[in-house]
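Visitor: Below are the sequence and a predicted model for it; my questions follow.
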Amino acid sequence: MTGLPIPPLVDHHCHGVARAGLSAQAFESFLTESDAPAAPGTSFFDTQPGFAVRRWCAPLLDLEPHCPPEAYLARRAELGPAEATRRLLGSCGISDFLVDTGLPGDLTSPQELAAAGDAACHEIIRLEHLAERIADGADSPAAFLDALGDAVRDGARTAAGFKSVVAYRYGLDFEPGPPRPAEVRTAADRWLTARTPGTRLAEPALLRHLLWSAAETGAPLQLHTGFGDPDLRLDRCDPLLLTDFARAVRPTGCTLVLLHCYPYHRGAGYLAHAFPHVYADMGLALTHTGARAGAVLAEMLELAPFGKLLFSTDAYGLPELYVVGAELFRQALGRLLTGWVEEGAWSAGDAERVAALVAADNARRVYGLGPAKATSSDPAAPPAPLSSFG
């Protein structure tokens, strides 16, 4: 097999990038999930994502691979944030961005992201952010719940899907069934009475109400699982804790998409194997495992059906993270499947078909997306892949 063609990617879970220029410290903060300083004598460039940025992004800014961090940041500042973003997003080979718009900060909109990357964009509505925004203007619990219900139903018609961070706000060990209406009203009254504008939603009954409200629309529902920043308890983010919820929510017709999953990715693969409406991705995990991304992806492919895995970057703040996420995925998948073909375990045709499923086709099916947007340089051809594999 002389090369594994991997089609343009559908990034089914990502975020905007910073519009303004970044200091070295601000740039490095996006290379880690930690909220603590780097170890003495090091920086957050001394991580798998940091090394990957220097390897894959430096050439896109006219630098040598593995150039010193100082040289990279200086060149980035020289180009300016708009030009750096254009170069990086334009080179990552992503045809569709499904953008979670619920993070704070001066970040690009889905439309700005798509314009910079010459791609299509679709919104993913973060449920907790939606509830908090509505609560800021609600004058009673009843008005809040009515407006929330309307917003979720409207969102199901206009957005590609929903996202929940219940893993951060409570944990995945929540009661699996829908809360009773009286329980929801009591929780709404308690939360609205105690909160001030900007207060985060952490009422368990309201979090469950959001999950079930979204599920009952039948739209795809993304759930953060596994690895994240210190705001969560990792032991309460094991996707296997969602087993009873997955079983309970199945009659709604909602597709559950487990995000990130690491280090519980094998358990997520089991859930995708066991439940027809459960899917999983490896976003964030591949970026943060870097040169070991192939090992993580291989473990995801052990048990999960090949039609149940999706690609994402979970890129946030830095356009570099789109490049890194896409390149590490292509490298890992290409080498892995090529190896299986060379061993005689798979045929070349099967490897190409599975690569297309995981790269884009599964996401297009789950989210009901149209065909890939043609590039402006060649309307008849898809974007060229970043890499080929021998």
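Guide: Now that the structure is in, tell me what you want to look at. These figures come from a predicted structure and were not determined experimentally.

Visitor: Secondary structure element holding I134?
Guide: helix 127-135 (DSSP states H and E).

Visitor: ok, and what's touching that helix?
Guide: Residues from elsewhere that reach helix 127-135 (Cβ atoms under 8 Å, 6 or more residues apart in numbering): 101-102, 144, 147-148, 151-152, 155, 162-166, 169, 191-192, 195, 198-201, 206-207, 210-211, 214. Every residue, glycine included, has its C-beta placed from N, CA and C.

Visitor: Are any of those residues buried, and if so which?
Guide: The neighbour-count criterion (16 or more other Cβ atoms under 10 Å) marks 101-102, 144, 147-148, 151-152, 155, 162-166, 169, 191-192, 201, 206-207, 210-211, 214 among those as buried.

Visitor: Inside helices: which ones of the residues you listed?
Guide: Under the assignment DSSP state H, the buried ones among the contacts of helix 127-135 contribute 144, 147-148, 151-152, 155, 166, 169, 191-192, 206-207, 210-211, 214 to helices.

Visitor: distance between the ends of stretch 166-180?
Guide: By Cα to Cα, to the nearest Å, the extent of stretch 166-180 from end to end equals 18 Å.

Visitor: Run through who's touching it.
Guide: If you take Cβ under 8 Å, 6+ apart as the criterion, stretch 166-180 is touched by 128, 187, 200-202, 204-205, 207-212, 223-225, 228, 231-233, 236-239, 241-242, 244-245, 247-249.

Visitor: Looking at that stretch now, give me its mean pLDDT.
Guide: The pLDDT scores in stretch 166-180 average 98.

Visitor: count of neighbours near L103?
Guide: By the criterion of other Cβ atoms under 10 Å, L103 has 13 neighbours.

Visitor: Contacts only, for it.
Guide: L103 makes contact with 15-16, 126, 316, according to Cβ under 8 Å, 6+ apart.

Visitor: could you measure it against A77, distance?
Guide: 24 Å (Cβ to Cβ, to the nearest Å).

Visitor: returning to what we had before: weed out the non-buried ones from the contacts of stretch 166-180.
Guide: Counted by 16+ other Cβ under 10 Å, the contacts of stretch 166-180 give 128, 187, 201, 204-205, 207-212, 223-225, 228, 232, 237-239, 241-242, 245, 248-249 as buried.

Visitor: any low-confidence regions in this protein?
Guide: 1-3, 373-390 (pLDDT under 70).

Visitor: ok, which stretches of it are strands?
Guide: Using DSSP state E, the strands of the chain run over 9-14, 94-100, 120-126, 161-164, 221-225, 256-260, 278-281, 309-310.

Visitor: Remind me what the last one packs against, helices and strands.
Guide: Under the contact definition 3 or more Cβ pairs under 8 Å, 6 or more residues apart in numbering; DSSP states H and E, strand 309-310 sits against strand 278-281, helix 362-367.

Visitor: Go through the ones you listed and name the closest to A115.
Guide: A115 lies closest to helix 362-367 among the helices and strands packed on strand 309-310, at 20.4 Å (Cβ to Cβ).
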